[in-house]
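Trainee: Below are the sequence and a predicted model for it; my questions follow.
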Amino acid sequence: MNFQLRRKKLLEKINEGTIILFSGREIHFSADEAYPFAVNRNFYYLTGIKQKDTYLFLNKQKEKLFILPNDEKLARWVGYNLFVNEAKDVSMCDDVETFENEDFLKEIAQQEKVIYLDFEETSFLGGVNQAKRIQEELLSFNKNLTFKNIHDEILSLRAVKDEDEIKALRYSIEITKKSLEAVMSNITKLKTEKECQALFEERIASLANAKTSFPTIAASGMNATTLHYSTNNQEFKYEDMILMDLGASVNLYNADITRTYPHLGKYSSLQKQIYEIVLNCNKKIIEMIKPGLTILDLQNETKRLLADGLLKAKIIENNDELSEYYFHNISHHLGLDTHDPMNRTIPLVPGNVITVEPGLYIRKLGIGVRIEDDVLVTETGSDNLSKDIIKEVKDIETFIEEHK
């Protein structure tokens with residue numbers, strides 16, 4: 001991935017000043033244990049570096065990385081950080097230096113008038129606090145500094161995936177496909193939700209040392225009517241369907257796929273009727289996608305399609321009842337975050353990657369169905385990146401039968 005080109009594009013969005021970005025700090029959940037470190041995604045997007053306590057300084061004249069030095073004794077316990085030459089190779093930044101303290105913040109504060117920081121608006125741990133911490137330190141050296149937020153400018157770049165990113169997403173989706181096929185191959189033999197989850201997660205790890213994009217949802221029967229069900233501990237009942245919302249994350253790029261399978265290998269007539277309403281909507285929305293439309297446009301058409309299907313099936317009597325059975329959005333952007341934080345009111349452009357995930361959740365029938373694909377917006381329409389993950393009723397039933 002061309003991180004140098006990404007930094008160049010970011011610099012084109014400012015006129016003066018220095019951008020300072022930080023990779024993040026380790027967060028402890030007890031006196032002696034920390035959460036697994038998760039790098040700030042905007043920092044990673046511009047550097048390719050995943051390790052903690054790393055700074056990027058960027059202005060029209062130069063770019064520089066500050067990384068932690070290696071401690072030989074500590075390395076015997078936790079391994080090595082990147083060495084300078086490795087950081088140069090990964091980031092495509094020629095100027096990399098180790099640091100023992102943060103004196104460089106004082107130097108930049110005394111030299112600059114304008115500083116750009118990434119003031120993430122969400123309140124997750126380690127996000128906003130780090131930008132504010134850096135701001136406070138800089139102000140302690142120079143109270144006349146002007147601060148600006150570079151967050152939206154980075155997101156505008158991240159919204160349009162380059163070829164390397166599309167390739168990375170395709171790979172994560174392919175790993176997800178193969179792992180879902182392992183679940184389908186065994187679906188009639190598995191007895192619990194957690195077995196479906198365990199098989200999927202074992203397979204993505206063995207195929208690609210992949211992590212999950214988010215906590216796996218394996219929801220059977222009535223549980224599938226809860227949008228973000230996560231307990232995954234129920235035994236299957238006789239004719240249950242299993243809704244699986246999941247994804248493999250490889251090198252931080254996330255797949256986000258949902259499929260709904262019949263535990264016995266065949267959908268009942270009622271299950272099939274509702275499934276086909278959702279499937280029709282999924283396919284129609286994918287066909288509809290093109291530059292210039294917004295996710296709101298897709299949502300409005302989704303509601304119309306689902307309402308029409310439920311009216312024909314005599315499950316609802318008027319459109320107002322739809323909100324009882326469909327209550328989420330049709331789509332979100334996808335990439336380094338499962339929900340890339342993009343503005344859904346902005347028209348789509350080529351290079352956007354979004355999900356298409358209609359669903360129906362009918363508690364009175366004990367049926368929940370969602371079908372989700374990952375779709376690239378192209379110059380003329382769309383390319384379903386997950387089209388090879390089967391979703392037609394006939395294809396699913398045939399696959400399960402052939403692998404019993």
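Mentor: Yes, it's here. Numbers count the residues shown, from 1 in each chain.
Trainee: For the closest residue in space to Ala224 that isn't next to it in sequence, what is the enclosing helix or strand?
Mentor: Leaving out its chain neighbours, the residue that sits closest to Ala224 by C-beta to C-beta, 6 or more residues apart in numbering is Gly368, at 2.9 Å. The C-beta positions use only the backbone N, C-alpha and C, and glycine is treated the same way. Using DSSP states H and E, Gly368 maps to strand 367-370.
Trainee: helices or strands next to that strand in the packing?
Mentor: strand 241-246, strand 257-262, helix 269-288, strand 359-362 (3 or more C-beta pairs under 8 Å, 6 or more residues apart in numbering; DSSP states H and E).
Trainee: give me every residue that touches the residue most central in space within the chain.
Mentor: Nearest residue to the geometric centre of the chain (C-alpha atoms, centre = their mean): Thr338, 1.3 Å. Thr338 makes contact with 213-214, 247, 254, 256 under the criterion C-beta atoms under 8 Å, 6 or more residues apart in numbering.
Trainee: Scan those residues and report the most crowded one.
Mentor: Gly247 (31 neighbours; other C-beta atoms under 10 Å).
Trainee: Ala210 is in contact with that one, correct?
Mentor: No: between Gly247 and Ala210 there is no contact under C-beta atoms under 8 Å: 9.1 Å.
Trainee: same question for stretch 23-35, mean pLDDT?
Mentor: Mean per-residue pLDDT for stretch 23-35: 87.
Trainee: Span of it from start to end?
Mentor: Its first and final residues considered, stretch 23-35 spans 15 Å by C-alpha to C-alpha, to the nearest Å.
Trainee: Which parts of the stretch 151-300 of the chain are strands?
Mentor: 211-212, 217-220, 241-246, 248-250, 253-254, 257-262 (DSSP state E, counting those that start in this stretch).
Trainee: From the chain's centroid, how far away is the fifth one?
Mentor: Going back to what we said before, that points to strand 253-254. 6 Å (C-alpha atoms, centre = their mean, to the nearest Å).
Trainee: Note down every partner strand of it and its orientation.
Mentor: strand 248-250 (antiparallel) (DSSP bridges).
Trainee: one step back: residues shared between the contacts of Gly247 and Ala210?
Mentor: By C-beta under 8 Å, 6+ apart, the residues touching both Gly247 and Ala210 are Ser172.
Trainee: With distance to Ser206 and pLDDT as added columns, please give the contacts of Thr338 in JSON lines.
Mentor: Compiled in JSON lines, the contacts of Thr338 are given as follows (distance: C-beta to C-beta, whole Å; pLDDT from 0 to 100):
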{"residue": "Ser213", "distance to Ser206": "17", "pLDDT": "97"}
{"residue": "Phe214", "distance to Ser206": "20", "pLDDT": "97"}
{"residue": "Gly247", "distance to Ser206": "16", "pLDDT": "98"}
{"residue": "Asn254", "distance to Ser206": "19", "pLDDT": "98"}
{"residue": "Asp256", "distance to Ser206": "21", "pLDDT": "98"}
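Trainee: got TSV for those residues, with distance to Lys290 too?
Mentor: Output for the contacts of Thr338, formatted as TSV (distance: C-beta to C-beta, whole Å):
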residue	distance to Lys290
Ser213	26
Phe214	28
Gly247	25
Asn254	24
Asp256	21
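Trainee: quick check, nearest of those to Asn149?
Mentor: Closest approach between the contacts of Thr338 and Asn149, by C-beta to C-beta: Asn254, at 25.1 Å.
Trainee: what sits against the closest one?
Mentor: 169, 172, 213-214, 247-248, 334-338.
Trainee: let's go with 7 Å and repeat that
Mentor: 172, 213, 247, 334, 338 (C-beta atoms under 7 Å, 6 or more residues apart in numbering).
Trainee: Now for Ser230, how many residues are close by?
Mentor: Neighbours around Ser230, by other C-beta under 10 Å: 15.
Trainee: Could I get the contacting residues of it?
Mentor: Counted by C-beta under 7 Å, 6+ apart, Ser230 has contacts 215, 217.
Trainee: for Lys266, same thing?
Mentor: Lys266 touches Glu397, counting by C-beta under 7 Å, 6+ apart.
Trainee: where along the stretch 101-250 of the chain do the helices fall?
Mentor: Counting by DSSP state H, counting those that start in this stretch, the stretch 101-250 of the chain has helices at residues 103-111, 128-141, 151-158, 163-186, 193-208.
Trainee: again, but for the stretch 251-400 of the chain
Mentor: According to DSSP H, counting those that start in this stretch, the helices that the stretch 251-400 of the chain contains are 269-288, 295-312, 393-402.
Trainee: by contact count, what packs against the first one?
Mentor: What it means is helix 269-288. helix 295-312, strand 353-356, strand 359-362, strand 367-370, strand 373-377, helix 393-402 (3 or more C-beta pairs under 7 Å, 6 or more residues apart in numbering; DSSP states H and E).
Trainee: Throw these into CSV and include distance to Glu201, thanks.
Mentor: Formatted as CSV, those follow (distance: least, C-beta to C-beta, whole Å):
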stretch, distance to Glu201
helix 295-312, 30
strand 353-356, 20
strand 359-362, 23
strand 367-370, 19
strand 373-377, 19
helix 393-402, 20
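Trainee: Great, nothing more from me.
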